[in-house]
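Peer 1: Turn this into a structure:
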Amino acid sequence: MTGMKSGLLKSRFGRLPDGTAADLYTLTNTRGMVAKVTNYGTILTELHVPDRDGKPEDVVLGFDNLEQYLKRHPYFGCTTGRVANRIAGGRFMLEGKPYSLAVNNGPNALHGGTRGFDKALWKATPLRGTAVRFDYTSADGEEGYPGELAVMVIMKLTDAGEFLIDYTATATRATPINLTNHSYFNLAGRGDIKGHRLMIAADFYTPKSPTDVPTGEVRPVKGTALDFTRSRVVGTRFASLGGKPQGYDHNFVLRGDGTNSGQPAFCARVEEPRSGRVMEVFTTEPGVQLYTANWLDGSLVGKGGAVYGRHSGLCLEAQHFPNSINIPHFPSTILRPGETYHQLTIHQFSVT
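Peer 2: Below you'll find the predicted structure:
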């Protein structure tokens, strides 16, 4: 589906309860891809990708309007922060001082708290070409975190079939930071993802406690249901994982050198055999969380009346390891004054 023009279009997405308007930005490329992002939570609301016959489908889960995003939902498509994933007990020590956070996931703090970055209205600035810059300043003490944090997220759709997310941040005090995008992908555009094939560039993973925080160990994936060093069908080993509901919600230790080089390294490859769609992920982060929408139960109705049941999508959340602030031998998530946090994650789409 070539011959289309690339471009950017701004439209109104809705209003927040206080009357403030949220906008929607539609990015198109010459390959027939369309990405829609809103400045509410920097949510990727739609991502249309052609199949091997050139027919586009929306490959991310989400809602039709802002009103639905304002209700409780499982972080569809948003930027999660100030710290993505879990912090054990909602507590940490930093520079000799204890900090307490909102506990919103069992005994743990999850994805930045009760009003994390996913619920903020960001300042949006269209950039040259097909890109939008989003800015948000998190106040000192917001959700219990120390220091004012200035965050910039750039989302870009390229004519090479890439959807890029580029994050930078600076802080006035030492603070933990771990940003990621929480899009749920389904390369078929409907149904479940159990038949998708997946490869992850990880020889190790971080085992977790019954409350889903890492124990501090790092173990080989070889010989386990977590071995995606070769392409495997996602759903074939759900039962061997144990736990209810079945599915993946695990952090993998990436073998790439993106963290040290500053250049994105290969992270994962997802293939959907029927449509031929392929998504490859590259990132500068040391880890990726694979989540297979285990907790979706059919109670959420999404775009076009789609009912989102269990395993309707999969997330590949490029990140630092969960609970790193409390595990000193994990890669550090602490950002100090004078330093700049940077992450670049690329989703490259193609067909087979």
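
Peer 1: OK, contacts around the nearest residue to G14 once chain neighbours are set aside?
Peer 2: Leaving aside its sequence neighbours, G14 sits nearest to L66 (C-beta to C-beta, 6 or more residues apart in numbering; 3.0 Å). Bear in mind the C-beta positions are built from the backbone N, C-alpha and C, glycine included. Counting by C-beta atoms under 8 Å, 6 or more residues apart in numbering, L66 touches 13-16, 22, 38, 40.

Peer 1: what does K123 give?
Peer 2: 39, 134-136.

Peer 1: again with H182
Peer 2: By C-beta under 8 Å, 6+ apart, the contact set of H182 is 75-80, 84, 111, 118, 315, 317.

Peer 1: what two of those residues have the greatest distance between them?
Peer 2: F76 and A84 (14.5 Å; C-beta to C-beta).

Peer 1: circling back: what would the contacts of K123 look like in CSV with secondary structure and pLDDT?
Peer 2: CSV is the format used below for those (DSSP: H, G, I helix; E, B strand; the rest coil; pLDDT from 0 to 100):
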residue, secondary structure, pLDDT
N39, coil, 98
F134, strand, 98
D135, strand, 98
Y136, strand, 98
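
Peer 1: Now flag whichever of those is closest to F266.
Peer 2: Nearest member of these to F266, counting by C-beta to C-beta, is F134, at 26.3 Å.

Peer 1: Could you tell me how many residues sit around that closest one?
Peer 2: When neighbours are defined as other C-beta atoms under 10 Å, F134 has 24 of them.

Peer 1: With adjacent residues omitted, what lies nearest to it?
Peer 2: W122 (4.0 Å).

Peer 1: What distance do you get for that neighbour to L164?
Peer 2: Note on W122: its distance to L164, by C-beta to C-beta, to the nearest Å, is 17 Å.

Peer 1: Same drill for the two, tell me which one is more crowded.
Peer 2: Taking neighbours as other C-beta under 10 Å, W122 and L164 compare with W122 leading, 24 against 18.

Peer 1: Where helices are concerned, which of the contacts of H182 count?
Peer 2: Secondary structure of those is defined by DSSP state H; no position falls in helices.

Peer 1: and which of those residues is nearest to L61?
Peer 2: Closest to L61 out of those is F76 (5.5 Å), distances taken as C-beta to C-beta.

Peer 1: Let me know whether E272 touches D192 as I believe.
Peer 2: No. Between E272 and D192 there is no contact under C-beta atoms under 8 Å: 11.3 Å.

Peer 1: The two: who's more crowded?
Peer 2: The residue with more neighbours, out of E272 and D192, is E272; 25 against 20, by other C-beta under 10 Å.
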